[in-house]
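Peer 1: Can you look at this prediction? I've put the sequence above it.
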Amino acid sequence: MVSGKILVVDDEENMQKSLKALLGREGYEVKLASNGEEAIRLAGDETFPILITDLRMDGMDGMDTYRAIKEQSPQTLAIIITGHASLKSAIEAIRLGAYDYLVKPFKPDEILFTVRRALEHQQLVEENVHLQGELGEKFRFANIIGKSGPMEEVFQLVRKVAVSNVTVLLRGESGTGKELVARAIHYNSRRSEKRFIGVSCGALPETLLESELFGYEKGAFTGALKRKQGLFEVADGGTIFLDEIADLSLSTQMKLLRVLQEQEFQRVGGTELIKVNLRLISATNKDLEPAIKDGSFREELYYRVNVVSISLPPLRERKEDVPLLVRHFLKKHQADNTKECCKRKKVAPETMGLLMAYHWPGNVRQLENVVERAIALSNSSVISENDLPSQIRHNSQLLSDELIPGFPDQLGNLTFQKARENFEKQFLQRAILKNRGNVSATSREIKLSRRHFYEKMKSYHIDPRKTS
Ligand SMILES: Nc1ncnc2c1ncn2[C@@H]1O[C@H](COP(=O)(O)OP(=O)(O)OP(=O)(O)O)[C@@H](O)[C@H]1O
Ligand SMILES: [Mg+2]
């Protein structure tokens, strides 16, 4: 908020007094100084949105005073007061950045009007700065939602790599936001004015992909009727995003490696070397390491593309982000819905519970689809369980405590074998506990032979005496 503090500088005591009385009556807080030096000192202690200063004064003149104050508080606006004789210099003062001027003698209304207008102007400027700050932040990361620990780590890395030129590999299951992050890196980098070009490496057959990437010369192949620029050329100065990089053929991998090493390439059917300045961001939802082992991904290329890797966590490992994402997608999709009933929908708490319990194999993309579908299906202002696809209602029930007591609500990355072991160990421990450490009674109760029971206890390091 802009305050109503005004600093008045004038070497005439009468002028100081009458301005203080006039402005004070209007509720402004007024401080007085009789020369430039004193004014600068006062402005060092507190910020004045408005400076009213005489132009001609002994020592520092009004403009020098203003310049010095502005250094400390750039938002301060100056209103210059001047005698008739120096009107020309008052106009010059405006040119140099003063906000307005008043010629002596002026009417009380004139100065009040000018002050009010200056304050309004300042309010606008301040709101604008605030707004721009907000927009800047929005542009940056506001469309990447997540407050969980794993997402915080992602944000930190993204911030770091964005300002550098480093080659980034984004890893993560399908729908975790790899492309979203790739764009965020580009639009927060020094290359943001240049293009971001995304290419899905798996979508095209090898020859077509190569002619897309490298371009071709006229007559390079049947149908090449004229020369065509490749995407590497189009993206020059900007960022090229190679999605599903594991799907590149070995021969295209070799060619890409050369582009990365030399920052130059030839069009298909051409001999001319084309120089480019590119930043590469690539993405994969498969692990590249096994692909290197089985020979389908070149190791040298792996080191080139994987200078910094950022792993996007699957949604099931950051369930605390589910409600945030749901709210985000509700807002996003209700905004483009014109039906009155589709506006301002809420999600019932039980429904949110189901959404949080689900394991989301399709990650954020799947959640977005589910929310969009629910908005369309629900006829009331509340989204209920019935608006969710059956696998979410069903699956979540399977995972809920009521059906299988003691079942963990997150599967984590357990193998079947490990999950089974965990279960058996807990089950046996509880059964022994219930029977106060009595092995015979326990084995009778759970209908497991004593021999078998002892074997199990040995393999799980269960000591019945400690369980009694
Ligand atoms: N953290 C997030 N916040 C908001 N929206 C997200 C987030 N992550 C993903 N999305 C949205 O989910 C959808 C899928 O994201 P994106 O295309 O970036 O995933 P991806 O990892 O590239 O998936 P794929 O491997 O299938 O190409 C997009 O609509 C994207 O806007
Ligand atoms: Mg993608």
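Peer 2: Sure, I can see it. Ligands and ions are numbered 1, 2, ... in the order given.

Peer 1: which SS state does residue 198 fall under?
Peer 2: The assignment at residue 198 comes out as strand when based on DSSP: H, G, I helix; E, B strand; the rest coil.

Peer 1: Name all residues that make contact with it.
Peer 2: The neighbours of residue 198, taking Cβ atoms under 8 Å, 6 or more residues apart in numbering as the test, are 179, 182, 241, 243. C-beta: built from backbone N, CA, C; applies to glycine.

Peer 1: Residues of the protein that sit close to ligand 1?
Peer 2: Taking Cβ under 6 Å from any ligand atom as the criterion, the neighbours of ligand 1 within the chain are 143-146, 172, 174-180, 243, 285, 328, 364-365, 368.

Peer 1: among the residues you listed, which are within reach of ligand 2?
Peer 2: Taking Cβ under 5 Å from the ion as the test, ligand 2 is in contact with 179, 243 out of the residues of the chain next to ligand 1.

Peer 1: For PyMOL, write the select line for the buried members of the residues of the chain next to ligand 1.
Peer 2: Isolation of the buried members of those (16 or more other Cβ atoms under 10 Å) is achieved in PyMOL through the command below:
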select buried, resi 144+145+146+172+175+176+177+178+179+243+285+328+364+368
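
Peer 1: which ones are touching the residue of the stretch 101-250 of the chain at minimum distance from ligand 1?
Peer 2: Among the residues of the stretch 101-250 of the chain, residue 177 lies nearest to ligand 1; the distance is 2.7 Å by Cβ to the nearest ligand atom. With contacts taken as Cβ under 8 Å, 6+ apart, residue 177 has the following neighbours: 144, 312, 363-364.

Peer 1: Quick check: the farthest pair among the residues you listed?
Peer 2: By the measure Cβ to Cβ, 144 and 363 form the most distant pair in those, at 13.3 Å.

Peer 1: Neighbours of the residue nearest to residue 249 when sequence neighbours are not counted, how many?
Peer 2: Nearest residue to residue 249 in three dimensions, chain neighbours excluded: residue 206, at 4.6 Å (Cβ to Cβ, 6 or more residues apart in numbering). Residue neighbour count, defined by other Cβ atoms under 10 Å, stands at 13 for residue 206.

Peer 1: Show me what from the stretch 51-200 of the chain comes close to ligand 2.
Peer 2: By the criterion of Cβ under 5 Å from the ion, the positions of the stretch 51-200 of the chain lying close to ligand 2 are residue 179.

Peer 1: Now do the strands in the stretch 51-200 of the chain.
Peer 2: Assignment of strands within the stretch 51-200 of the chain using DSSP state E, counting those that start in this stretch yields the ranges 77-82, 100-103, 168-171, 196-200.

Peer 1: for the stretch 201-350 of the chain, same thing?
Peer 2: Using DSSP E, counting those that start in this stretch, strands in the stretch 201-350 of the chain cover 215-216, 228-229, 239-243, 264-265, 274-275, 279-284, 308-311, 346-347.

Peer 1: With mean pLDDT and distance to residue 416 as extra columns, can I get the ones you listed in JSON lines?
Peer 2: Compiled in JSON lines, these are given as follows (pLDDT from 0 to 100; distance: least, Cβ to Cβ, whole Å):
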{"stretch": "strand 215-216", "mean pLDDT": "93", "distance to residue 416": "50"}
{"stretch": "strand 228-229", "mean pLDDT": "90", "distance to residue 416": "52"}
{"stretch": "strand 239-243", "mean pLDDT": "96", "distance to residue 416": "32"}
{"stretch": "strand 264-265", "mean pLDDT": "92", "distance to residue 416": "48"}
{"stretch": "strand 274-275", "mean pLDDT": "93", "distance to residue 416": "53"}
{"stretch": "strand 279-284", "mean pLDDT": "97", "distance to residue 416": "26"}
{"stretch": "strand 308-311", "mean pLDDT": "94", "distance to residue 416": "25"}
{"stretch": "strand 346-347", "mean pLDDT": "90", "distance to residue 416": "34"}
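
Peer 1: so how far does stretch 431-440 reach from one end to the other?
Peer 2: Taking Cα to Cα, to the nearest Å as the measure, stretch 431-440 stretches 11 Å from start to finish.

Peer 1: Kind regards, and thank you for your time.
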